[in-house]
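*Asks:* Please find the sequence and the predicted model below.
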Amino acid sequence: MSQVIYLDNAATTRTRPEVADAMMPYFTEYYGNPSSVYEFSAPCKQAIAHSRETIAKSLGAKANEIYFTAGGTESDNWAIKAAAEAYQAKGKHIITSKIEHHAVLHTCQYLEKRGFEVTYLDVDENGIVKVDELKKAVRQDTILISIMFANNEIGTIEPIKEIGEIAREHGILFHTDAVQAYCHVPINVDEYHIDMLSASAHKLNGPKGIGFLYIRTGLKLRSFVHGGAQERKRRGGTENVPGIVGLGKAVELAMDTMEERAEKERELRDYLIGRVTTEVPFVRLNGHRTCRLSNNANFAFQFIEGESMLIMLDMNGICGSSGSACTSGSLDPSHVLLAIGLPHEIAHGSLRLTLSEENTREEMDYVVEKIKEIVDRLRSMSPLYEDFMKNNQA
Amino acid sequence: MYTEKVMDHFQNPRNVGEIENASGTGTVGNAKCGDIMRIYLDIDENQVIQDVKFKTFGCGAAVATSSMATEMVKGKTVQEAMEVTNKAVMEALDGLPPVKVHCSLLAEEAIHAALWDYAQKNGITIEGLEKPKSDISEHDEDEEY
């Protein structure tokens, strides 16, 4: 196979050609500044309003509750920092989980240095947040609960409705980082009692550099990016009109095809998981078997290291990702894999493959064959495997 | 991210394997930080390294530095092998990314550990050789923003 087999859709996705087509006129034709008064800018304003409507509809929200941002990271930063600032008179306690994205974790750590207290909830061996622990962690001064909708590494989908109900019961704001889940699983902000939700276009076949934050009406969140009066004075800066149009188009297409897409991905993913876990010895699937994103497979191969695996897969035209330390630039493996209880050496041997509906069964067969070869090769070079085999012979 | 030489040694590692009844073996690193290297040395009566093999659990750079280090000590006397430093290994590979420099330290340390084992077994002293540390992992420094 000469073409690249792209299995890293949790990192980013291909912008759909229809999305790119929809964006093009907003670079070259309708390039006016939406804030300008003249008629020439009217199509830009209309396009932004249309995207906002589309997104609001997808969440069961109102259009004026959708605020465009530069992406998931900005949305997470905004939601958490602004909520902390706005509600600090009530209290300075925040609850989140140990498996959040760094956009949430590092923001919480930033707030800890500024006098806030943060509880990082444990997860079970499948990566599901312990709801009992959450109930116990709630205090008088708790102002915010931030729990991701679905995990980016292991794909586990969290019990968001239950968490939302707990937050609602105690009058605590509930933010969810839905970057991996939005447009992949159905979300309704009222049903799940979500007060703030972060999402990003490039995880749903939209362009990079655009996302949004849903903010429930009535929340007193201040502006995060100060400047002009854009986004109802809550997010300064000239709107990324082509990006907003692309996001809207991507949402429209993704919502229309969600069910069939998920079904196709799930079938292919389960085929991949089935073959890998039966044909490769000493492997485990990380994350919940069924409560997981339809396109996510995450394996831990014992005795080998993830980066080596990734390079070898890359040499065979396969794009994947790993939670090994070597891919993160630090010496610690993924905090998510450690939180689900994997020992360090097993966490180092993780491989995440995230599919799209464009992948085929033939590709999966090729990938499984290559994984088998690569795992064999790396194990033949591994002192850990050597020790294991010697100990087991004895 | 890696130089051609690193990729070559990663894709075609030299001297992978084990030596039975080796004159000296050394294992360094730990699974916690994701790198373990084991070196086997076969040393003759003239203290010349006749053969060397390695096994490594680790990233691309860890495999490449192990491979290069074994190439560099093969055929050398134990004293000459002491000159194969992490810097020399890195230079021979045309450099490593900054976050991977510890891999080359590990390779040097693995050679030293195997030499130490050989020296201990034979009651000899190798000039400049110190007892290997059990864990040479660096601690990453968190930068504050």
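*Replies:* It's in.
*Asks:* in the lengthiest helix in chain B, what counts as buried?
*Replies:* Counting residues, the longest helix found in chain B (DSSP state H) is helix B:101-122. Neighbour-count burial for helix B:101-122 flags B:101-119 (criterion: 16 or more other C-beta atoms under 10 Å in any protein chain shown). Where C-beta positions appear, they are placed from N, C-alpha and C, glycine not excepted.
*Asks:* residue nearest the centroid of chain B?
*Replies:* residue B:107 (2.4 Å; C-alpha atoms, centre = their mean).
*Asks:* Same check on chain A?
*Replies:* Short answer for chain A (C-alpha atoms, centre = their mean): residue A:180, at 3.0 Å.
*Asks:* I'd say that residue and residue A:12 touch.
*Replies:* No: look at residue A:180 against residue A:12 with C-beta atoms under 8 Å: they stay out of range, at 11.5 Å.
*Asks:* which residue ranges form the strands in chain A?
*Replies:* A:5-6, A:66-69, A:93-97, A:117-121, A:142-146, A:173-177, A:196-200, A:211-215, A:283-285, A:296-301, A:318-319, A:350-354 (DSSP state E).
*Asks:* what would those look like in a markdown table with mean neighbour count, distance to residue B:72 and mean pLDDT?
*Replies:* Output for these, formatted as a markdown table (neighbours: other C-beta atoms under 10 Å in any protein chain shown; distance: least, C-beta to C-beta, whole Å; pLDDT from 0 to 100):
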| stretch | mean neighbour count | distance to residue B:72 | mean pLDDT |
| --- | --- | --- | --- |
| strand A:5-6 | 21 | 37 | 98 |
| strand A:66-69 | 24 | 52 | 98 |
| strand A:93-97 | 25 | 48 | 98 |
| strand A:117-121 | 18 | 46 | 98 |
| strand A:142-146 | 25 | 52 | 98 |
| strand A:173-177 | 28 | 48 | 98 |
| strand A:196-200 | 30 | 47 | 98 |
| strand A:211-215 | 27 | 50 | 98 |
| strand A:283-285 | 16 | 35 | 97 |
| strand A:296-301 | 27 | 30 | 97 |
| strand A:318-319 | 20 | 33 | 96 |
| strand A:350-354 | 27 | 32 | 96 |
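*Asks:* Would you reformat these as CSV and include distance to chain B?
*Replies:* Putting these into CSV (distance: least, C-beta to the nearest C-beta, whole Å) gives the following:
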stretch, distance to chain B
strand A:5-6, 19
strand A:66-69, 20
strand A:93-97, 19
strand A:117-121, 17
strand A:142-146, 20
strand A:173-177, 20
strand A:196-200, 20
strand A:211-215, 21
strand A:283-285, 16
strand A:296-301, 11
strand A:318-319, 14
strand A:350-354, 11
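*Asks:* could you dump these to CSV with distance to residue B:97?
*Replies:* What follows is the strands of chain A, written out as CSV (distance: least, C-beta to C-beta, whole Å):
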stretch, distance to residue B:97
strand A:5-6, 24
strand A:66-69, 32
strand A:93-97, 32
strand A:117-121, 31
strand A:142-146, 34
strand A:173-177, 30
strand A:196-200, 28
strand A:211-215, 30
strand A:283-285, 29
strand A:296-301, 24
strand A:318-319, 20
strand A:350-354, 21
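*Asks:* No more questions from me, cheers.
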